[in-house]
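In: Sequence and computational prediction follow.
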Amino acid sequence: MGYKEEFIDIYSENIKRDGSQKLLEWMQTTDFFTAPASTKFHGACEQGLVMHSISVYKTMMERHFVPEKDNRESFAICALLHDLCKAQFYKTSMRNVKNDETGQWEKKPYYMVDDAFPYGHGEKSVFLIERFMRLKPSEAMAIRWHMGGFDEAARGGSFAISLAYEKYPIAVKLHLADLESTYLREKNTSSVH
């Protein structure tokens, strides 16, 4: 089973909310299932974004899901859709790279950001999801703040992230699962160097 089929299986099994199927249908009109997850770091390869989304879901479920306290649908929504903002976000271009063995310059593909809707990272994912399906406040906060200290607002001195993490444990759990997936589980998953 490929990443797209695995994603759709997990999504369809766990997310039943009104509008969820319309959102999934829309996602299939974008490059979500073929896009990279980054320009050169984790998942900088075809299908890197969907691979990363599944990895975050599995990490979050394995490490942080407590059946008596947590909601399976909320975990699936947050993990699978936290980076929806990266659909239609990257484009492939070419650059000259010197081949160390031959000394010749060669054209190599690379990913670059081409953000047609620069709304912010987590904010954009929340916005896109809510075009089709309502989020619970805890889900919106988790997706909004999943970047943790890497978020531009947090780096700029905003304390809202601390309040979100205090009030909504799922926000902390998503951030931790995203970090583990990105830096430990998806290490060496990039085809671009």
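Out: That came in fine, so what should we check first?
In: which residue sits closest to Phe132, ignoring its sequence neighbours?
Out: Leu23 (3.8 Å; CB to CB, 6 or more residues apart in numbering). Glycine gets a C-beta too; all of them are placed from N, C-alpha and C.
In: Output the contacting helices and strands for the helix or strand where that neighbour lies.
Out: Per DSSP states H and E, Leu23 falls inside helix 20-27. With contacts defined as 3 or more CB pairs under 8 Å, 6 or more residues apart in numbering; DSSP states H and E, helix 20-27 has these neighbours: helix 3-14.
In: In terms of secondary structure, what does the helix it packs on contact?
Out: Using 3+ CB pairs under 8 Å, 6+ apart: helix 3-14 touches helix 20-27, helix 48-64, helix 72-81.
In: next one: the shortest one to chain centre, how far?
Out: The reference is to helix 20-27. In terms of CA atoms, centre = their mean, to the nearest Å, the centre of helix 20-27 is set 16 Å apart from its chain centre.
In: ok, and what's touching that helix?
Out: Helix 20-27 is contacted by residues 8, 11-12, 33, 84, 87, 129, 131-133 when judged by CB atoms under 8 Å, 6 or more residues apart in numbering.
In: Out of those residues, show me where the pLDDT dips lowest.
Out: Note: of the contacts of helix 20-27, the lowest pLDDT belongs to Ala87, at 92.
In: so how far is Trp145 from that residue?
Out: Applying CB to CB, to the nearest Å, the value for Ala87 to Trp145 is 20 Å.
In: if you count what's nearby, which of those two comes out ahead?
Out: Taking neighbours as other CB atoms under 10 Å, Ala87 and Trp145 compare with Trp145 leading, 27 against 20.
In: Arrange the contacts of helix 20-27 in TSV, one row each, with distance to Trp105 as further columns.
Out: Below are these laid out as TSV (distance: CB to CB, whole Å):
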residue	distance to Trp105
Ile8	42
Tyr11	44
Ser12	47
Phe33	34
Leu84	37
Ala87	33
Ile129	43
Arg131	44
Phe132	46
Met133	48
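In: buried subset of the residues you listed?
Out: Using 16 or more other CB atoms under 10 Å as the burial test, the contacts of helix 20-27 include 8, 11, 33, 84, 87, 129, 132-133 as buried.
In: Taking those residues, tell me the two that lie furthest apart.
Out: Spatial extent of the buried ones among the contacts of helix 20-27 (CB to CB) is set by the pair Phe33 and Met133 at 18.4 Å.
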